[in-house]
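>>> quick one: sequence and predicted model below, then my questions.
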Amino acid sequence: MVIWLLKTFSPLLEQLEVHSTGDSRVFLTARIALASLSSFLIAILLGPLAIRWLEKRFRERVDSASEKLNEIHASKNATPTMGGIFIVGSILISAFLWADLSNRYVQLGILTAAGFALLGAYDDWIKLSTTRNGLKPKQKLVVQILFSSVVGAALYFSHSSLNSGLDLMMPVTRLTFYLGVLFIPWAVLVMVGSSNAVNLTDGLDGLASGCMVFAGSAFAGLTYLAGHKVMAEYLQVPYIPGAGELSIILGAAVGAVLGFLWFNCYPAQVFMGDTGSLPLGALLGFAALVIRQEALLVIAGGVFVVETLSVILQVSWFRRTGNRIFACSPLHNHFLFKGQHEMKIVVRFWICSALLAIIAIASLKIAT
C-alpha cells in the first residue's frame, strides 16, 4: 500500500530515491523496521481478542502416546490453541502495508504463509473437533509437497536466468553445486523439512516461537544483504535482485512472533498449533531457497534441525533394536523427563538458537 502511494506521487519518489537502499527505490530499511513493529503491535492487539475467541472453540487436548508426558503436560490441557491465526494474520497485514506487492518474492512469500497456514488450520480443526489426531501423516505430507512444488517451480523459472541462481552454496568453503532442474525437488525437501522441523519443536511454552525470533531475524538480515548489490558482492554471496523485499515479510514474521510470545511465554495463554508452526517453518525454508543459503538455514535453524534429528534417530533406533536413545523425543522432552524445569529448557534452547544465528551471519565473512 505504501509503495503504491509513493509510486503514485512520482515527484516525491524522485526526491526519495536518492536516499534509497539496495535495489529498493523506497526506504527498504525503514520499511523492514516498520513491518516488524506494526506486526508486533497488531499481534498484541489481536491477541486478547483471538484468545477469547479460541477459548470458546479450540482448546488443546493433551493426548500423546506417552502417559508420563501427558502427566507432565496435564496443566496445559484446555489451553486455547490455533494461535497461529493471529501470527499469520499480523504477517499478512504488515506485508500488505509495507511490502512491494508487485515483487515476485513477496507474492510467493504471501502464498507460502497463507497456504501452509490453511493446511495447519485444517489439521488443527480435525484434531480438536474429532477424535482423530489430525490429518494422517501421508495426507499432510502430500499437501505440503504440492504447495512446495508450486513455489519451487516458480523459483526455478525465476532463478534460471540469475548468476548462481540454481547453485547450492556451501558456507565458508565457497563450494557450489549446480542443481539445474533438481532445484524443484530440492526446494520441496527444504520447505517441507523446515516446516515440519518447526512443528516438532513446538512442544513447550515459548520454545518454537523464541527460536523462530532468532532464526527469522538472521534470515531477515540475509535476504536484505542478498538484495543489496554492493553488500552481496562484498560478502561474495549471490546477488538476487528483489530479494530485499522478502526481508519485509521476514521482519513482519519476527514482529508477529514476538507479539505472540507475549502470550505464549510460560505459562502459555495460547498455543500456535500447526496453524502457526507450519507456515513459519515454510517461510524460513522459502527464504533460504530464494537467496541460495540453504546450508545457512541448517546453522541458523540448528535447534529445529537437532529436534528433528532426535525424532528420526529415536524412531529408527527403536524400530531396529526395541530400545530408546532418548527418554522421550523430540529432544526437549528428553530433558523434561530428566526433571529439568520447562522454563530452563526453553531459555537454554533460546540461547543456543541465538548463538547459531550469530554463527550463520558470521560465516559469510570468514572466507572473504
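Done, it's in. Note that this is a predicted model, so its numbers are computed, not measured.

>>> dump the C-alpha coordinates for stretch 222-233 into CSV.
In CSV, the C-alpha atoms belonging to stretch 222-233 read as follows (Å, rounded to 0.1, in the frame of the first residue of the first chain):
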residue,chain,number,x,y,z
LEU,A,222,20.5,-12.4,5.0
THR,A,223,17.7,-11.6,2.5
TYR,A,224,18.4,-7.9,2.9
LEU,A,225,22.1,-8.5,2.1
ALA,A,226,21.3,-10.7,-0.9
GLY,A,227,19.1,-8.0,-2.4
HIS,A,228,21.8,-5.3,-1.9
LYS,A,229,24.2,-5.5,-4.9
VAL,A,230,27.2,-3.8,-3.2
MET,A,231,26.9,-5.8,0.0
ALA,A,232,26.3,-9.1,-1.9
GLU,A,233,29.5,-8.5,-3.9
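
>>> what is the host helix or strand of Gln314 packed up against?
Secondary structure assignment for Gln314, by DSSP states H and E: helix 302-321. Here helix 302-321 touches helix 183-201, helix 207-226, helix 331-337, helix 342-366, going by 3 or more Cβ pairs under 8 Å, 6 or more residues apart in numbering; DSSP states H and E. The way it works is simple: take the backbone N, C-alpha and C, and place the C-beta from them, glycine included.

>>> now do the same end-to-end measure for stretch 283-303.
End-to-end span of stretch 283-303 (Cα to Cα, to the nearest Å): 16 Å.

>>> centre of the chain to it, how far?
Counting by Cα atoms, centre = their mean, to the nearest Å, stretch 283-303 is centred 9 Å from the centre of its parent chain.

>>> chain neighbours aside, what residue packs nearest to His73?
Distances taken as Cβ to Cβ, 6 or more residues apart in numbering place Val62 nearest to His73, at 4.9 Å, with adjacent residues excluded.

>>> helix, strand, or coil at the one you found?
Put simply, Val62 is coil when judged by DSSP: H, G, I helix; E, B strand; the rest coil.

>>> before we move on, what about the one 3 residues further on?
Recorded secondary structure, Ala65: coil (three-state DSSP).

>>> before we move on, the earlier item: for the helix holding Gln314, give me every contacting residue.
193-194, 196-198, 200-201, 211, 215, 281, 298, 323-326, 329-332, 334, 349, 352-353, 356 (Cβ atoms under 8 Å, 6 or more residues apart in numbering).

>>> show me which of those residues are buried.
Neighbour counting by 16 or more other Cβ atoms under 10 Å classes 193-194, 196-198, 200-201, 211, 215, 281, 298, 326, 329-332, 334, 349, 353, 356 among these as buried.

>>> single out the most deeply packed of the helices and strands packed on helix 302-321.
helix 207-226 (a mean of 26; mean count of other Cβ atoms under 10 Å).

>>> packing partners of the helix or strand following that one?
Counting by DSSP H and E, the element after helix 207-226 in chain order, helix or strand, is helix 229-235. Helix 229-235 sits against helix 207-226, with contacts defined as 3+ Cβ pairs under 8 Å, 6+ apart.

>>> avg pLDDT for the helix it packs on?
Helix 207-226 shows a mean pLDDT of 96.

>>> just how off-centre is that helix within its chain?
8 Å.

>>> ok, now stretch 273-283?
7 Å.

>>> which one's the longest helix in this structure?
In the chain, taking DSSP state H as the definition, the longest helix is helix 28-57.

>>> for whichever helix or strand comes after that one, buried residues please.
The element immediately downstream of helix 28-57 (helix or strand, assigned by DSSP H and E) is helix 67-72. Across helix 67-72, burial judged by 16+ other Cβ under 10 Å covers Leu69, Ile72.

>>> re earlier: between helix 342-366 and the helix holding Gln314, find me the angle.
Orientation check (axes from the mean of the first three to the mean of the last three Cα atoms, to 10 degrees): helix 302-321 against helix 342-366 gives 110 degrees.

>>> tally of neighbours for the closest residue to Phe219 other than its chain neighbours?
In space, not counting the residues next to it along the chain, Phe219 is nearest to Ala287; the distance is 4.6 Å by Cβ to Cβ, 6+ apart. Neighbour count for Ala287, taken as other Cβ atoms under 10 Å: 30.

>>> look at Ala287 and report its pLDDT.
97.

>>> what's near enough to touch it?
Gly109, Phe219, Leu222, Thr223, Leu246, Ile249, Leu250, Leu297 are the contacts of Ala287 under Cβ under 8 Å, 6+ apart.

>>> and the last one, how many neighbours does it have?
Meaning Leu297. Using other Cβ under 10 Å, the number of residues around Leu297 comes to 26.

>>> let me see the contact set for it.
Residues in contact with Leu297 (Cβ under 8 Å, 6+ apart) are Val190, Ser194, Ala215, Phe219, Leu284, Gly285, Ala287, Ala288.

>>> quick check, Phe219 in contact with Leu284.
Yes. Under the criterion of Cβ atoms under 8 Å, Phe219 makes contact with Leu284 at 6.2 Å.

>>> all helices for the stretch 51-200 of the chain, in order.
67-72, 84-98, 104-129, 137-159, 183-201 (DSSP state H, counting those that start in this stretch).

>>> reformat those helices as a markdown table; add distance to Arg52 and mean pLDDT.
Listed next are these as a markdown table, based on distance: least, Cβ to Cβ, whole Å; pLDDT from 0 to 100:
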| stretch | distance to Arg52 | mean pLDDT |
| --- | --- | --- |
| helix 67-72 | 27 | 83 |
| helix 84-98 | 12 | 95 |
| helix 104-129 | 17 | 94 |
| helix 137-159 | 29 | 95 |
| helix 183-201 | 25 | 96 |
